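K.L.:
my questions concern the predicted model and sequence given below.
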Amino acid sequence: MSDCMRSAVKDVAKYFPTAIISGRSRDKVYELVELTELYYAGSHGMDIMGPVNHSVSADHLNCIKSTDHLGKEGNLFQPAREFITMIDKVFKTLLENTKSIKGAKVENHKFCASVHYRNVEEKNWPTIAQCVHDILKDCPQLHLTHGRKVLEIRPEIDWNKGKAVDFLIESLGLSNSDGVLPIFIGDDRTDEDAFKVLQEGNRGYGILVSSVPKETNAFYSLRDPSEVKEFLSSLVRWKKLEEEEEEEEAEDE
């Protein structure tokens, strides 16, 4: 994350509850972002923790006490905790089986394992796919999903980025609030689950980041990260203006 984008996200988090929901592991996302003010949902929302003094609800079955990156205690939500050992085994098998394929990159996101083939010659793509399918044949508890030039093996549970959005809104006590408008910004195929959740029941707005038209469940679009930064900055400007107007009205009274 660039310094200017980090600054924009930090400013937004001062005024609005802000989360980053990613396919990467939660620890890796934090390393890239380095903001303690945010909620972090790694592994497509299967590993969620809130900021200091405002963690996720402890009432849920899969919440446990943990410590954040500053050593502060909070509630950690992991609906697929029992799959950690299995995913680690899958990761090691993928690493071994793809080591001879030039450009292949295997990552362990704790609750899912991914194989990136962006830098693999197209003639070797079927070999990558076969490696993944061979593992899945012996692991009925896992399933395959597709991202941008990436194959991901995940636990066979009813959970995705959309479910994570629902969980965060509920944990913040905002599920039944008419004065709340959830917004989700994303550029990956896996973000469609979150767009769909907000689209259903007209609950909020999904914003697709893409320079070309795409079929999507998002309601709006932005072309690139620079437009995302400007959009976030505009939210902050609007909120500051609203507060100034409220202060002026209070003084007039």
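P.N.:
Everything's here; your move.
K.L.:
for the stretch 151-253 of the chain, give me the ranges with low pLDDT.
P.N.:
Counting by pLDDT under 70, the stretch 151-253 of the chain contains no low-confidence segment.
K.L.:
now do the helices in it.
P.N.:
Counting by DSSP state H, counting those that start in this stretch, the stretch 151-253 of the chain has helices at residues 161-171, 192-199, 225-252.
K.L.:
show me where pLDDT drops low in the stretch 1-150 of the chain?
P.N.:
Per-residue confidence for the stretch 1-150 of the chain (pLDDT under 70) gives these ranges: 52-75.
K.L.:
can you map out the strands along it?
P.N.:
For the stretch 1-150 of the chain, the strands identified by DSSP state E, counting those that start in this stretch occupy 19-21, 39-42, 47-49, 63-67, 73-77, 105-108, 113-116, 142-147, 150-155, in order along the chain.
K.L.:
possible to save those strands as JSON lines with distance to V212 and mean neighbour count?
P.N.:
The way it works is simple: take the backbone N, C-alpha and C, and place the C-beta from them, glycine included. Compiled in JSON lines, the strands of the stretch 1-150 of the chain are given as follows (distance: least, Cβ to Cβ, whole Å; neighbours: other Cβ atoms under 10 Å):
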{"stretch": "strand 19-21", "distance to V212": "23", "mean neighbour count": "21"}
{"stretch": "strand 39-42", "distance to V212": "27", "mean neighbour count": "24"}
{"stretch": "strand 47-49", "distance to V212": "32", "mean neighbour count": "25"}
{"stretch": "strand 63-67", "distance to V212": "40", "mean neighbour count": "13"}
{"stretch": "strand 73-77", "distance to V212": "35", "mean neighbour count": "19"}
{"stretch": "strand 105-108", "distance to V212": "25", "mean neighbour count": "18"}
{"stretch": "strand 113-116", "distance to V212": "21", "mean neighbour count": "23"}
{"stretch": "strand 142-147", "distance to V212": "17", "mean neighbour count": "15"}
{"stretch": "strand 150-155", "distance to V212": "19", "mean neighbour count": "21"}
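K.L.:
can I get those in JSON lines with distance to M86?
P.N.:
Listed next are the strands of the stretch 1-150 of the chain as JSON lines, based on distance: least, Cβ to Cβ, whole Å:
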{"stretch": "strand 19-21", "distance to M86": "23"}
{"stretch": "strand 39-42", "distance to M86": "17"}
{"stretch": "strand 47-49", "distance to M86": "15"}
{"stretch": "strand 63-67", "distance to M86": "19"}
{"stretch": "strand 73-77", "distance to M86": "19"}
{"stretch": "strand 105-108", "distance to M86": "12"}
{"stretch": "strand 113-116", "distance to M86": "10"}
{"stretch": "strand 142-147", "distance to M86": "7"}
{"stretch": "strand 150-155", "distance to M86": "8"}
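K.L.:
so what's the closest residue to K105 other than its chain neighbours up against?
P.N.:
Here the nearest residue to K105 in space, its sequence neighbours aside, is H116; by Cβ to Cβ, 6 or more residues apart in numbering that works out to 4.2 Å. H116 makes contact with 104-107, 149-150, according to Cβ atoms under 8 Å, 6 or more residues apart in numbering.
K.L.:
which residues does H116 bridge with?
P.N.:
When assigned by DSSP bridges, H116 has beta-bridge partners K105, V150.
K.L.:
K214 touches L208, doesn't it?
P.N.:
Yes. Assessed by Cβ atoms under 8 Å, K214 is found in contact with L208 at 6.5 Å.
K.L.:
before we move on, the earlier item: and which of the contacts of H116 is nearest G23?
P.N.:
Minimum distance to G23 across the contacts of H116 is 8.0 Å, recorded for V150 (Cβ to Cβ).
K.L.:
touching, that closest one and C112? I think so.
P.N.:
No. Shown here, V150 and C112 do not form a contact pair, counting by Cβ under 8 Å, at 10.5 Å.
K.L.:
now do the shared contacts for those two.
P.N.:
If you check V150 and C112 against Cβ under 8 Å, 6+ apart, the residues they both contact are G23.
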